[in-house]
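K.L.:
3D, please:
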Amino acid sequence: MELKTARLTVLVDPSKKKAFEALCARQDVTPSQVVRRLIRDYLAHHGVTFVPSGMEQEEELVEKP
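P.N.:
Numbering: from 1, shown residues only. Okay, here's the model as predicted:
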């Protein structure tokens, strides 16, 4: 698990935000948890690996060939 965090600001339509937050509440997850999972899945889908912050090495992005 990552030891450090950074803020990501995203602008979305207010009605989408409200629906997203309601769905997250029904599923007993936070919006941040869902966004972090989406980012991990997106990186994996595109073959990008990284070392989580707070681990032995500094965070780095490396594309797989």
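
K.L.:
elements contacting the lengthiest helix in the chain?
P.N.:
Counting residues, the longest helix found in the chain (DSSP state H) is helix 31-45. Applying 3 or more C-beta pairs under 8 Å, 6 or more residues apart in numbering; DSSP states H and E, one finds that helix 31-45 contacts helix 14-26. In this view, the C-beta of every residue, glycine as well, is placed from N, C-alpha and C.

K.L.:
okay, now the unreliable bits of the chain?
P.N.:
1, 56-65 (pLDDT under 70).

K.L.:
which elements pack onto the next helix-or-strand element following the longest helix of the chain?
P.N.:
Sequence order places strand 48-50 as the next helix or strand after helix 31-45, per DSSP states H and E. Applying 3+ C-beta pairs under 8 Å, 6+ apart, we find strand 48-50 packed against strand 61-63.

K.L.:
what is the burial count for residue 24?
P.N.:
Neighbourhood size, residue 24 [other C-beta atoms under 10 Å]: 16.

K.L.:
so who does it touch?
P.N.:
30-31, 33-34 (C-beta atoms under 8 Å, 6 or more residues apart in numbering).

K.L.:
TSV for these, including distance to residue 11?
P.N.:
Output for the contacts of residue 24, formatted as TSV (distance: C-beta to C-beta, whole Å):
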residue	distance to residue 11
30	19
31	14
33	20
34	17
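
K.L.:
ok, those vs residue 4, which is closest?
P.N.:
residue 33 (16.9 Å; C-beta to C-beta).

K.L.:
chain neighbours aside, what residue packs nearest to that closest one?
P.N.:
Nearest residue to residue 33 in three dimensions, chain neighbours excluded: residue 24, at 7.8 Å (C-beta to C-beta, 6 or more residues apart in numbering).

K.L.:
repeat that for residue 21.
P.N.:
residue 31 (5.9 Å).

K.L.:
contacting residues for that neighbour?
P.N.:
By C-beta under 8 Å, 6+ apart, residue 31 lies in contact with 20-21, 24.
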